[in-house]
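Engineer: coords below, sequence missing:
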């Protein structure tokens, strides 16, 4: 079937799909959707129309997951619009232009739950680019026909984008039926199968693969439609509804004068003539105009022909034809730790001159390796031969891994005629130690290296993956060490592994990677979860309290304890899903950051629910908390629970908690004694040696001891 016939077929089928939508929604809406009474023009200049549940735009969006549209807003100054939803998790926004008095949408963005897709359109309603939030960016191929739509509204979008719709239909046909309903399955099928269905869409495999990924993202966000074609048709319907609504709102509804025309948006450079096969002078499967637009080829004179094909500086038509290959198509990132290289995964390239019309006797070579967008500063380092046909490069240092390619470009120049040729290849840089290319270095990578060594594996691919330090040795001790180095993130550059809450059978929780959680026998709780906010099944619920929420630091002077301010804690089991008959307890008291060596000493009951501890010895006071943690373990089933509380340690004798022991503290103790004070709080503060007696002579002596700093440990912030 010819290209024109295919386009007509898609337009016909698309019109059939949209017929019911247009008859039921579009015409009824156009008859009474706007009017001055519905429009609000606040001081900001933003115009708004409330959307009722039966509004056509609301109904169209309700066919996706973008439900809950409440209003439509237009900003004539910024030439932008947005749909207002009941919650902040959904988005429909965009921009428009006014050309020849006509309102035309130039950008349309939709999204939900932090994910989004942005489409840009030209003035003829053709989709120029589709960009997703995860970095995929598709551009309309230069060899697609430049169809000028003859219709308005959604039909015009269908006509202008017939080849895009044709591609989407091919994607749907390339998928196996869903086992649930026999319809096409947006998530099913494999990449190669789906691409094989697209051979008649005038698109190279690289562009096809990228567009397929973009459509998959659109399906995931737009939902719950069943096919790529349905998504695009639904979007075109929404765009046409918004265009009609916004076109009426843009000043006309308020009796304002027409706005002046905008500058038209930029068009693709040097568009091809309709029906003409685009030039591909370097035979890389990508049109010259695309090579120039994405930076693969240079066009110094701006004539739309790559410099390498014009042989600037040499005779026209005498371009050198060459090809380039690499010693491997991926490599590990380089690691330099404390000034010492830890691996040496060098990569060599080989350029071959396939044809040279001028028969030069020799060539010089210039090599560049361009990093991907997410690693702009990552650079390969030349090791040898960088002006020859066989250079060697060292990969960039960590962090340098990327899902995208590093582009390797070589330019060969002849020694006689000065004619040139260019060739490119690609190489990927993998996270150091990521043997399975999962994007994460974890226990599975350690196990793989150990397996290769233990079983004397000779498979070349497995050996290449296990040889992390690239020494080509069968001794994998250093390789396993490097994997563990990255797994534990010892250089702080990341191991690529997202952590999530991992619940064990006994109810305990650890933040682990998915694979480490599985290895430990646990159950991962999902992306974004942490143990701090997760209650694992079977976990014991318990609470803990202390006999007091502060205490004085302990004093031992010349080998003799001078006070005894012990603190007791009490743990209570609030709920135990396994109903154990008894429990064991483990208590820890963690000092604050400014007292790292200060330790409470257990006095009794440290494995029971009611332990007693002696406070940390001077100097131990802090404005920050000591954290008391208790872990209870069921004696019958082994499930566990944890609870925490805090306690502060006050400077010995600092009765008013001022951070300083001075005469005011002496006076306070004397006042309590002289007046037989019985207030519990005042008695607790005056009882510095914690002997619970009303004889305060020793207490006043301790206060004076610290005030005069007789042990050299300080009396606080006294001036």
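Structural biologist: That came through fine. This one's a predicted model, so the numbers in the text were calculated from it and none came from an experiment. Residues are numbered from 1 along each chain as shown.

Engineer: Surely residue 709 is in contact with residue 715?
Structural biologist: Yes - if you go by Cβ atoms under 8 Å, residue 709 and residue 715 touch, sitting 4.9 Å apart. Just so you know, the C-beta spots here come from the backbone N, C-alpha and C atoms, and that holds for glycine as well.

Engineer: ok, those two, which is more surrounded?
Structural biologist: residue 715 (21 against 13; other Cβ atoms under 10 Å).

Engineer: where's the more buried one relative to residue 663, distance?
Structural biologist: 11 Å (Cβ to Cβ, to the nearest Å).

Engineer: and for these two, which residues touch both?
Structural biologist: The contact sets of residue 715 and residue 663 overlap at residue 707 (Cβ atoms under 8 Å, 6 or more residues apart in numbering).

Engineer: Report how many residues lie close to residue 551.
Structural biologist: For residue 551, using other Cβ under 10 Å, the count is 26.

Engineer: Over to residue 337?
Structural biologist: 12.

Engineer: where's the nearest residue to residue 457 once chain neighbours are set aside, which helix or strand?
Structural biologist: Closest residue to residue 457 apart from its sequence neighbours, by Cβ to Cβ, 6 or more residues apart in numbering: residue 463 at 6.5 Å. Using DSSP states H and E, residue 463 maps to helix 460-466.

Engineer: right, and the helix or strand after that helix?
Structural biologist: Next along from helix 460-466, by DSSP H and E: helix 477-487.

Engineer: ok, which stretches of the stretch 501-650 of the chain are strands?
Structural biologist: Taking DSSP state E, counting those that start in this stretch as the test, the strands found in the stretch 501-650 of the chain are 509-512, 523-524, 541-546, 550-552, 556-557, 560-561, 567-575, 583-590, 601-604, 612-614, 626-634, 640-650.

Engineer: Could you list the buried residues of stretch 608-625?
Structural biologist: Buried positions in stretch 608-625, judged by neighbour count with 16 or more other Cβ atoms under 10 Å: 609, 611-622, 625.

Engineer: ditto for stretch 131-138
Structural biologist: For stretch 131-138, by 16+ other Cβ under 10 Å, it's 131-132, 136, 138.

Engineer: So what would you say the end-to-end distance of that stretch is?
Structural biologist: Terminal residues of stretch 131-138 lie 6 Å apart, using Cα to Cα, to the nearest Å.

Engineer: I'd like the numbering to begin with 11 instead of 1 from here.
Structural biologist: With the count now opening at 11, the last piece we talked about shows up as stretch 141-148.

Engineer: average pLDDT for it?
Structural biologist: Average pLDDT, stretch 141-148: 82.

Engineer: residues in contact with it?
Structural biologist: Under Cβ under 8 Å, 6+ apart, the answer for stretch 141-148 is 121, 124-128, 130, 139-140, 217, 220-221, 223-224, 227-228, 383-384, 414.

Engineer: Could you tell me which of those count as buried?
Structural biologist: So, by 16+ other Cβ under 10 Å, the buried ones in these are 121, 126-128, 130, 140, 217, 220-221, 223-224, 227-228.

Engineer: Format these as JSON lines; extra columns: distance to residue 643 and secondary structure.
Structural biologist: Listed next are these as JSON lines, based on distance: Cβ to Cβ, whole Å; DSSP: H, G, I helix; E, B strand; the rest coil:
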{"residue": "121", "distance to residue 643": "47", "secondary structure": "strand"}
{"residue": "126", "distance to residue 643": "47", "secondary structure": "strand"}
{"residue": "127", "distance to residue 643": "50", "secondary structure": "strand"}
{"residue": "128", "distance to residue 643": "53", "secondary structure": "strand"}
{"residue": "130", "distance to residue 643": "60", "secondary structure": "strand"}
{"residue": "140", "distance to residue 643": "55", "secondary structure": "strand"}
{"residue": "217", "distance to residue 643": "59", "secondary structure": "helix"}
{"residue": "220", "distance to residue 643": "54", "secondary structure": "helix"}
{"residue": "221", "distance to residue 643": "56", "secondary structure": "helix"}
{"residue": "223", "distance to residue 643": "49", "secondary structure": "helix"}
{"residue": "224", "distance to residue 643": "52", "secondary structure": "helix"}
{"residue": "227", "distance to residue 643": "47", "secondary structure": "helix"}
{"residue": "228", "distance to residue 643": "51", "secondary structure": "helix"}
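
Engineer: count of residues packed around the residue nearest to residue 485 when sequence neighbours are not counted?
Structural biologist: Closest residue to residue 485 in three dimensions, ignoring its sequence neighbours and counting by Cβ to Cβ, 6+ apart: residue 463, at 7.8 Å. The number of residues packed near residue 463 is 16, by other Cβ under 10 Å.

Engineer: which helices and strands does the helix or strand harbouring residue 463 pack with?
Structural biologist: For residue 463, the element it lies in under DSSP H and E is helix 453-464. Applying 3 or more Cβ pairs under 8 Å, 6 or more residues apart in numbering; DSSP states H and E, we find helix 453-464 packed against helix 470-476, helix 487-497, helix 524-529.

Engineer: what sits up against the last one?
Structural biologist: Read that as helix 524-529. By Cβ under 8 Å, 6+ apart, helix 524-529 touches 450, 452-454, 507-508, 510, 512, 520, 533-534.

Engineer: Which single one of those residues is nearest to residue 330?
Structural biologist: residue 450 (43.2 Å; Cβ to Cβ).

Engineer: and the closest one, what is it in contact with?
Structural biologist: So residue 450 contacts 441, 444, 505-508, 523, 525 (Cβ under 8 Å, 6+ apart).
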